[in-house]
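*Asks:* Pasted the sequence and its predicted model underneath.
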Amino acid sequence: MGATSEFLAMVPRRADGKRNWPSELKARIVAETLIEGETVKAVAQRYELIPSTVSDWRRIARQGKLVLPNLDGMNFVPVEVEAPVAQPVPTTSSGTIDVVMGDIAVRLDAATPAPRIAEIARALAT
């Protein structure tokens, strides 16, 4: 921990005594949290930070406001987006659905499939 303390002593401090972390150093710290087996808490402790500060920097990086260096051991997981699952039409207490467009109202059984309800709504809109 001595080397880390010496390193931290070189990080400039503001008038209020808080460290003024350069963007490049923030990015390196965030990148370290992405190394397999590392945790935000462990990395934060290494740099004498509170984990929420490192989490805030991670959020900033996700927003594209902090460019991360490529460190050995960093792994990224491919993202898969699943197709939306059709949700059942909520039923009302009366067991009916009212489709209202202007002066016209169509009352349907609550079991009417959503595509059919959409067809009726489009027809009423024209």
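*Replies:* Nice, I can see it.

*Asks:* Can you show me the strands along this protein?
*Replies:* 96-101, 104-109 (DSSP state E).

*Asks:* Of those, which is nearest M10?
*Replies:* strand 96-101 (67.2 Å; Cβ to Cβ). Yep, even glycine has a C-beta here, placed from its N, CA and C like the rest.

*Asks:* pretty sure T112 is touching I97, no?
*Replies:* Yes. If you go by Cβ atoms under 8 Å, T112 and I97 touch, sitting 6.4 Å apart.

*Asks:* Look at the two and report which has more neighbours.
*Replies:* Ranked by neighbour count (other Cβ atoms under 10 Å), T112 and I97 place I97 first, with 19 against 15.

*Asks:* Quick one: residues contacting that one.
*Replies:* V89, R107, L108, D109, A110, T112, I117 (Cβ atoms under 8 Å, 6 or more residues apart in numbering).

*Asks:* Read off the pLDDT value for it.
*Replies:* The model reports I97 with a pLDDT of 86.

*Asks:* what is it paired to in the beta sheet?
*Replies:* Beta bridges link I97 to L108, judged by DSSP bridges.

*Asks:* Can you tell me how far it is from E82?
*Replies:* As for I97, its distance to E82 is 27 Å (criterion: Cβ to Cβ, to the nearest Å).
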